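>>> What shape does this take:
(chains A and B)
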Number of protein chains: 2
Amino acid sequence: MTTTQLIAEIHRKKSFLCIGLDVDLQKIPKHLLETDDPIFEFNKAIIDTTHHLAVAYKPNTAFYEAYGIKGWRALEKTIQYLNTNHPEIFTIADAKRGDIGNTSSMYAKAFFEDLAFDSVTVAPYMGKDSVEPFLAFEGKHTILLALTSNEGAYDFQTKLIDNKEVYKHVLETSKGWKNSENLMYVVGATKASFLGEIRKIIPESFLLVPGVGAQGGNLQDVCNYGMTKDVGLLINSSRGIIYASNQENFASAAAEKAAELQTQMAEILAQ
Amino acid sequence: MTTTQLIAEIHRKKSFLCIGLDVDLQKIPKHLLETDDPIFEFNKAIIDTTHHLAVAYKPNTAFYEAYGIKGWRALEKTIQYLNTNHPEIFTIADAKRGDIGNTSSMYAKAFFEDLAFDSVTVAPYMGKDSVEPFLAFEGKHTILLALTSNEGAYDFQTKLIDNKEVYKHVLETSKGWKNSENLMYVVGATKASFLGEIRKIIPESFLLVPGVGAQGGNLQDVCNYGMTKDVGLLINSSRGIIYASNQENFASAAAEKAAELQTQMAEILAQ
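From the prediction side, this is the model:
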């Protein structure tokens, strides 16, 4: 999917919501555990009730790998379900991969070709030759970790190199990489006040913003500091939406939570 | 496996060799492609001819994920084969994972419990709360990326924060994390001359050292600068061993290459 298509979809749905599909079998409704594939059944139900409210879905691969082959099959079925029924929706493999060149190429093949995700999250620590293999895929997007939502972000990301934070070096350096037009960046909603500085370095790039909801980030703050003329934001909520209820009504409860965020987003877009 | 057991095994085999099981279907012998599970058959043959020469095996998860469910099943079968037939061998899931706390816990569960690896490689960018969930597993080891073997290592890892390189901050900071005794570190063989400085910070920790062979690192240099009284090194070779031949004799050709390295290691240990 091109960025232009994503922007059009955001305006059509009046939403820049991404829903994180982080399925934990200990948290989903008990009745689903009796089905053949509880993870996929959970995702399908959530997608069916929320797809008109969200422009992106983001399964985090950890939650699938934790269940081995069954988990990987559920991930395959989920992305196939999305690509078949909602090809207009932007899909993100939240995998935070990154390795030496020939190995990153294998990861890129896994997520872009075999699973046919539109994008994948990648860690920057290993530098240019660990990220460029992902960027080489036309029509695909590489979402580089810049400033993450967790407390540990302050361990290294905000430390100063030549009076400039590590994450700013990541932003600036990555702009010079081959096919950098395929880059987006992760910036945590809990770091909204940093977005003004970030926009000076990457004025137009799309940002994937996790941390609204369970982690305490504020939607209005993120938009005040980070929104561009083409929106430029995908705001993710995972637990706050998908675990709104653990009863039989879980999917409609998730839709209510998603609708609350979408309504706020529509108001912000109308400002 | 405890570090003490690993050290005993190193002395018993006179080897600190780790063999990287990075299986690319385009590089393995053609006749294996006719079997039901070419990836596992390749690994099994390599393990059968080299297990007396190596103290560790390291499948890189990228090469399995690239083949979807078939790949994940081959990974499961490979680790089961190792744990059943060679429980004395140290196993490394080269996964380079790392995410916010609850998500890292899912990765740790995937690699330590479900797949029953002895260790997993983890990226440091997201800091303390992304790594500690791995460290919480008793008898398991977390191998943190410090200074990697690739060219991109110079993009961020060697940049200076307060006159000290980023990778040194990673080493120092991580020593203060909970259960840090379960930490090992990745340092590329191509950066052997850095090992003297690294040993000042982590005098005894085990290092996983990739980059000998195809990437150009030198075994003697690594040992000169990085070896401790308890060896403290696992030297990895992947392509240089497993792709020594792509003919029917591939497994014995791999054993010859592994034996060359093991012989050099035995000489170094005898010095």
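>>> I'd say A:N43 and A:L21 touch.
Yes. The pair A:N43 and A:L21 qualifies as a contact (C-beta atoms under 8 Å) at a distance of 5.2 Å. Heads up, the C-betas are built off the backbone N, CA and C, glycines and all.
>>> list the residues that contact both of the two?
A:59, A:78 (C-beta atoms under 8 Å, 6 or more residues apart in numbering or on different chains).
>>> ranges for the strands of chain A?
For chain A, applying DSSP state E gives strands covering A:17-21, A:56-59, A:90-97, A:119-122, A:141-147, A:160-161, A:164-165, A:183-187, A:207-209, A:233-237.
>>> mind checking which of those is nearest B:V120?
Set against B:V120 and scored by C-beta to C-beta, the strands of chain A come closest in strand A:90-97, at 13.5 Å.
>>> other SSEs contacting the closest one?
The contact analysis (3 or more C-beta pairs under 8 Å, 6 or more residues apart in numbering or on different chains; DSSP states H and E) places strand A:90-97 against strand A:17-21, strand A:56-59, helix A:68-85, helix A:101-108, strand A:119-122.
>>> Spit out the contact partners of A:T78.
A:21, A:39-40, A:43-44, A:47, A:59.
>>> repeat that for 7 Å
A:21, A:40, A:43, A:59 (C-beta atoms under 7 Å, 6 or more residues apart in numbering or on different chains).
>>> Any chance of JSON lines for the helices and strands packed on strand A:90-97, columns distance to B:V122 and mean pLDDT?
Converted to JSON lines, those look like this (distance: least, C-beta to C-beta, whole Å; pLDDT from 0 to 100):
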{"stretch": "strand A:17-21", "distance to B:V122": "21", "mean pLDDT": "98"}
{"stretch": "strand A:56-59", "distance to B:V122": "21", "mean pLDDT": "98"}
{"stretch": "helix A:68-85", "distance to B:V122": "20", "mean pLDDT": "97"}
{"stretch": "helix A:101-108", "distance to B:V122": "15", "mean pLDDT": "96"}
{"stretch": "strand A:119-122", "distance to B:V122": "15", "mean pLDDT": "98"}
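>>> which one of the ones you listed lies closest to B:T263?
Each of these has some distance to B:T263 by C-beta to C-beta; the shortest is helix A:101-108, at 27.7 Å.
>>> who's in contact with that closest one?
Residues outside helix A:101-108 that contact it (C-beta under 7 Å, 6+ apart): A:97-99, A:129-130, A:133-134, A:137, B:60, B:62-63, B:65-66, B:150.
>>> Can you tell me which residues in the stretch 151-271 of chain A are near chain B?
Within reach of chain B by C-beta under 7 Å from any C-beta of the partner chain, the stretch 151-271 of chain A has these residues: A:151-157, A:159-161, A:166, A:169-170, A:173.
>>> Now find how far off-centre stretch A:166-179 is within its chain.
19 Å (C-alpha atoms, centre = their mean, to the nearest Å).
>>> Next: stretch A:154-173.
22 Å.
>>> Give the buried residues for that stretch.
Neighbour-count burial for stretch A:154-173, with 16 or more other C-beta atoms under 10 Å in any protein chain shown as criterion, is recorded at A:155-157, A:159, A:161, A:165-171, A:173.
>>> how deep is the residue in the stretch 1-150 of chain A positioned nearest to chain B tucked in, by neighbour count?
Closest to chain B within the stretch 1-150 of chain A is A:G127: 2.5 Å, counting by C-beta to the nearest C-beta. By other C-beta atoms under 10 Å in any protein chain shown, 23 other residues sit near A:G127.
>>> And it, how far from B:T158?
Using C-beta to C-beta, to the nearest Å, A:G127 is found at 10 Å from B:T158.
>>> and what of A:L219?
Applying C-beta to C-beta to A:L219 and B:T158 gives a distance of 38 Å.
>>> need the contact list for A:Y154.
B:G127.
>>> how does it look with 10 Å?
A:147-148, A:191, B:127-128 (C-beta atoms under 10 Å, 6 or more residues apart in numbering or on different chains).
>>> What are the neighbouring residues in contact with A:E260?
Counted by C-beta under 10 Å, 6+ apart, A:E260 has contacts A:53, A:237, A:240-241, A:244.
>>> The residues of the stretch 151-271 of chain A next to chain B in helices, which ones?
Judged by DSSP state H, the subset of those located in helices is A:153-156, A:166, A:169-170, A:173.
>>> of the residues you listed, closest to B:F112?
A:D155 (22.8 Å).
>>> And the closest residue in space to A:S15 that isn't next to it in sequence, how close does it get to chain B?
Excluding the flanking residues, the one nearest A:S15 by C-beta to C-beta, 6 or more residues apart in numbering or on different chains is A:Q262, at 4.5 Å. For A:Q262, the distance to chain B equals 24 Å [C-beta to the nearest C-beta, to the nearest Å].
>>> isn't A:Q262 right up against A:L53?
Yes. Counting by C-beta atoms under 10 Å, A:Q262 does reach A:L53; the two are 4.3 Å apart.
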